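Trainee: sequence below, structure please.
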Amino acid sequence: MRFLKNLLFLFLLLTVSGLFAQDNIPQYTVRIGTFINPKPAEFEAIRSLGFIYTERQPDGYTGVLIGGYTSKNAAEDMARKLQSKGFLNPSVSLLPVKEGEPVTMIQLGVKKATEKFKWEKYLKMEQLYVVINNDQVKILTGIYPDIATAKAQLPAIRAMGFSDAFVKKVNSALLHEVTPFETWGEKRPLIPLVFREDSKRETHATPAASEIPEPFEKPQDRIKTQPEKETPPDLVPKGITTTAKPAAFERSFAPPRPTIRVKEKRNSVIELQKALKKQGTYSGSLDGYYGKGTAAAFEKAYSNHRQVRKYKILARFGRNMDASENSGQLADAIKSLWTSPETATQTLRMDNSPLAKAYRAYYMFQTLGPQDEVDNLMNAAIKEAFKDVKPTNMPRFDYTLDYKYTNLSQLLSHLRYIHEVSDPKTAVPCWMFQKHAYTAIEAFNLSGGSNIEIENCGGFWTWEEVATLYEIAKDLDTRASFDSKELNKSQARLNKMFLAPDPVSAEDLKALNQWQEKLWVGIDGWAFRDPLLEEIAEALRLSFFQTYVLLEDYFMDEGYKKDEAKGMALETLHALTAYHLARFTN
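Mentor: Predicted structure coming up:
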């Protein structure tokens with residue numbers, strides 16, 4: 001009897017050790033970075049290196065990682081490959097395999113991690129996961145409550161074309177959920193395969209990968225990237241489209257223009273249809289659907305309306321004027337720091353201003369890592385910047401201290417403070433938000449009486465309707481001069497709605513709806529006095545509601561619900577026009 005007990009114990013021990021043996025479990029992965037809403041196309045250059053996947057973080061941002069490795073050396077080797085491709089800060093992370101639990105899955109197939117493959121047949125399944133083991137990607141469905149339930153579903157799954165499918169136990173820490181990112185944009189069929197009600201899958205929280213305490217390379221072994229040869233990562237914010245091999249950080253942010261949904265009934269379309277009826281280009285019903293009739297009517301009205309044509313031209317001229325702003329050697333050097341690093345850094349060395357020193361420190365930190373020289377430059381820049389100026393809008397910042405810079409977040413926060421007090425003003429460059437995404441948005445978040453200027457990087461401004469709408473609103477502003485602080489706050493709000501949007505609260509949505517109602521009451525009362533004013537009001541209404549529709553579809557394309565997209569579109573319109581149209585709502 002004792003022999004049988006010992007034999008059973010040995011069997012259980014071997015089973016458990018087989019499930020959690022460290023030697024053949026892919027317990028290492030490589031974190032490429034953390035982003036707001038990464039797109040697969042942004043990582044095309046490294047797709048052939050291994051399987052890239054995402055991990056949603058508690059703070060709402062998204063980690064992008066690559067691979068699963070059984071040895072730390074293999075993971076460190078991948079980190080170095082990423083550096084050679086221009087991704088400056090990869091880090092080896094440890095998957096929490098000891099915290100994982102054995103869960104029941106059905107394995108559907110195995111693919112090579114370095115090769116592209118089609119997801120079409122796999123996307124018929126309701127839920128997909130992958131386990132990445134060195135050069136293999138195992139594709140699984142689950143999670144099932146027990147082996148019996150999984151086995152009961154096996155015949156149906158094999159009939160779907162997965163003849164080699166089988167049931168297995170998997171450590172939950174190794175499971176990575178398949179999302180549209182992992183499939184590189186391939187979408188599920190409209191009706192995925194759904195099994196019987198009595199075989200619902202379990203949900204299982206998978207522990208997040210944790211950072212290994214020490215860096216993957218010792219400071220003395222740090223790989224130093226030559227500035228003149230550096231190719232920074234193509235890390236772009238939400239919805240950005242890219243062209244083939246652009247100059248790094250030189251392009252403007254251009255969100256994709258959405259295809260307008262024809263089967264969504266909405267108030268924004270009804271208001272647009274009312275405006276089109278008044279123009280005589282639309283004779284259909286006010287049904288709220290953006291069908292072919294509405295589209296054709298808008299195109300005709302927008303192309304032929306005299307005031308719209310005028311403001312289109314002014315908008316194009318205005319964008320060209322904006323491109324020439326913030327010129328000067330220092331501004332040009334900062335703007336071209338990542339496209340012409342050798343020339344830019346030489347210019348910064350010749351300029352003794354605090355801002356020049358701060359950007360030298362920033363570039364050194366990014367290319368060489370934490371250094372004494374980084375600390376010296378930043379501390380000197382801070383002391384010089386605040387020599388004759390008292391800091392404002394800078395909580396818990398003591399400019400008399402000497403700081404040691406070990407992380408980018410602190411460095412960018414202090415760079416922001418130097419921007420605040422610099423004179424003459426130099427705009428924060430577009431590439432800052434493209435390269436560092438959420439870290440830069442957090443550091444340069446404008447509030448109160450901020451003096452920061454932010455370069456117009458494109459974003460929604462690249463849509464003709466947006467630029468035209470803004471030009472009309474600006475023309476209706478009768479003030480002799482504009483408040484630059486208020487305009488910068490508006491630009492910051494627009495940047496946030498493009499780079500890191502959030503649904504608006506119920507309270508804010510109520511206020512936005514009230515603002516819109518007051519706006520059109522004010523506009524109609526003003527336009528009633530003169531036919532020319534009425535023409536301008538018509539142009540404003542056409543541009544406003546077409547932009548409203550486009551923004552709703554843009555945010556729905558980004559995965560937000562219809563009601564959320566409506567509020568976010570209105571918030572964007574408010575940021576775009578409210579300052580210049582304030583006289584109609586006060």
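Trainee: for the top helix by length along the chain, buried residues please.
Mentor: Scanning the chain for the helix with the most residues, using DSSP state H, yields helix 531-557. Neighbour-count burial for helix 531-557 flags 534-556 (criterion: 16 or more other C-beta atoms under 10 Å). Every residue, glycine included, has its C-beta placed from N, CA and C.
Trainee: tell me the average confidence for that helix?
Mentor: The pLDDT scores in helix 531-557 average 94.
Trainee: helix or strand next in line after that helix, which one?
Mentor: helix 562-577 (DSSP states H and E).
Trainee: list the helices and strands that following helix packs on?
Mentor: Applying 3 or more C-beta pairs under 8 Å, 6 or more residues apart in numbering; DSSP states H and E, one finds that helix 562-577 contacts helix 464-475, helix 484-499, helix 506-527, helix 531-557.
Trainee: one more time with 10 Å, if that's ok
Mentor: Counting contacts by 3 or more C-beta pairs under 10 Å, 6 or more residues apart in numbering; DSSP states H and E, helix 562-577 is packed against helix 267-279, helix 464-475, helix 484-499, helix 506-527, helix 531-557.
Trainee: give me the mean pLDDT for that helix.
Mentor: Helix 562-577 comes out at a mean pLDDT of 94.
Trainee: quick one: low-confidence parts of the chain?
Mentor: 1-24, 58-60, 187-254, 317-327, 391-397, 434, 437-438, 445-451, 456-458, 500 (pLDDT under 70).
Trainee: could you point out the longest strand in it?
Mentor: strand 102-112 (DSSP state E).
Trainee: could you list the buried residues of it?
Mentor: 103-108, 111.
Trainee: partner strands of it, parallel or antiparallel?
Mentor: Here strand 102-112 is paired, per DSSP bridges, with strand 136-144 (antiparallel), strand 166-171 (antiparallel).
Trainee: okay, that strand in PDB with CA atoms only?
Mentor: Below are the C-alpha coordinates for strand 102-112, written out as PDB (Å, rounded to 0.1, in the frame of the first residue of the first chain):
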ATOM      1  CA  PRO A 102      -2.900  25.100 -15.400                       C
ATOM      2  CA  VAL A 103      -5.900  25.800 -17.600                       C
ATOM      3  CA  THR A 104      -7.600  23.600 -20.200                       C
ATOM      4  CA  MET A 105      -7.200  24.600 -23.900                       C
ATOM      5  CA  ILE A 106      -7.600  23.200 -27.400                       C
ATOM      6  CA  GLN A 107      -4.500  23.600 -29.600                       C
ATOM      7  CA  LEU A 108      -5.500  24.400 -33.200                       C
ATOM      8  CA  GLY A 109      -2.200  24.700 -34.900                       C
ATOM      9  CA  VAL A 110       1.500  25.700 -34.700                       C
ATOM     10  CA  LYS A 111       3.200  28.400 -36.800                       C
ATOM     11  CA  LYS A 112       6.700  29.700 -37.200                       C
END
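Trainee: quick check: angle from the helix or strand following it to strand 166-171?
Mentor: Going down the chain from strand 102-112, the next helix or strand is strand 129-133, by DSSP H and E. Interaxial angle of strand 129-133 relative to strand 166-171 (axes from the mean of the first three to the mean of the last three C-alpha atoms, to 10 degrees): 70 degrees.
Trainee: and strand 129-133, what does it pack against?
Mentor: Against strand 129-133 (3+ C-beta pairs under 10 Å, 6+ apart) you get strand 52-56, strand 62-69, strand 102-112, strand 136-144, strand 166-171, strand 176-177.
Trainee: nearest to residue 429, of the ones you listed?
Mentor: Proximity to residue 429 (C-beta to C-beta) singles out strand 62-69 among the helices and strands packed on strand 129-133, at 23.4 Å.
Trainee: what pairs with the closest one, parallel or antiparallel?
Mentor: strand 28-35 (antiparallel), strand 52-56 (antiparallel).
Trainee: what helices or strands is the next helix or strand after that strand leaning on?
Mentor: Helices and strands here follow DSSP H and E; after strand 62-69, the next one along the chain is helix 72-84. Helices and strands touching helix 72-84, as assessed by 3+ C-beta pairs under 10 Å, 6+ apart, comprise strand 28-35, strand 62-69, strand 91-94.
Trainee: could you tell me which strands sit next to the last one in the sheet, and their orientation?
Mentor: When pairs are called by DSSP bridges, strand 91-94 turns out to pair with strand 28-35 (antiparallel), strand 210-211 (antiparallel).
Trainee: let me have those strands in TSV, extended by mean neighbour count and distance to residue 271.
Mentor: Formatted as TSV, those follow (neighbours: other C-beta atoms under 10 Å; distance: least, C-beta to C-beta, whole Å):
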stretch	mean neighbour count	distance to residue 271
strand 28-35	23	36
strand 210-211	11	50
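Trainee: can you list these in TSV and add distance to residue 144?
Mentor: What follows is the strands paired with strand 91-94, written out as TSV (distance: least, C-beta to C-beta, whole Å):
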stretch	distance to residue 144
strand 28-35	25
strand 210-211	27
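Trainee: chain center to stretch 499-508: distance?
Mentor: Computed by C-alpha atoms, centre = their mean, to the nearest Å, the chain-centroid distance of stretch 499-508 equals 15 Å.
Trainee: okay, now the domains of this structure?
Mentor: 28-177, 267-323+458-584, 329-419 (the TED database).
Trainee: got TSV for the ones you listed, with distance to residue 442 too?
Mentor: TSV is the format used below for the domains of the chain (distance: least, C-beta to C-beta, whole Å):
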stretch	distance to residue 442
domain 28-177	10
domain 267-323+458-584	9
domain 329-419	7
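Trainee: for residue 280, find the nearest of the strands paired with strand 62-69.
Mentor: strand 28-35 (47.5 Å).
Trainee: can you tell me the closest non-neighbouring residue to residue 91?
Mentor: Nearest residue to residue 91 in three dimensions, chain neighbours excluded: residue 31, at 5.0 Å (C-beta to C-beta, 6 or more residues apart in numbering).
Trainee: now distance to residue 365 too, for the helices and strands packed on helix 562-577, in CSV please.
Mentor: Converted to CSV, these look like this (distance: least, C-beta to C-beta, whole Å):
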stretch, distance to residue 365
helix 267-279, 45
helix 464-475, 35
helix 484-499, 22
helix 506-527, 37
helix 531-557, 35
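Trainee: indicate which one of those is closest to residue 378.
Mentor: Closest among those, using C-beta to C-beta: helix 484-499, at 23.8 Å.
Trainee: which of the residues in that closest one are buried?
Mentor: For helix 484-499, the neighbour count (16+ other C-beta under 10 Å) marks 488-499 as buried.
Trainee: what do you get for stretch 572-586?
Mentor: Result for stretch 572-586 [16+ other C-beta under 10 Å]: buried residues 572-581, 584-585.
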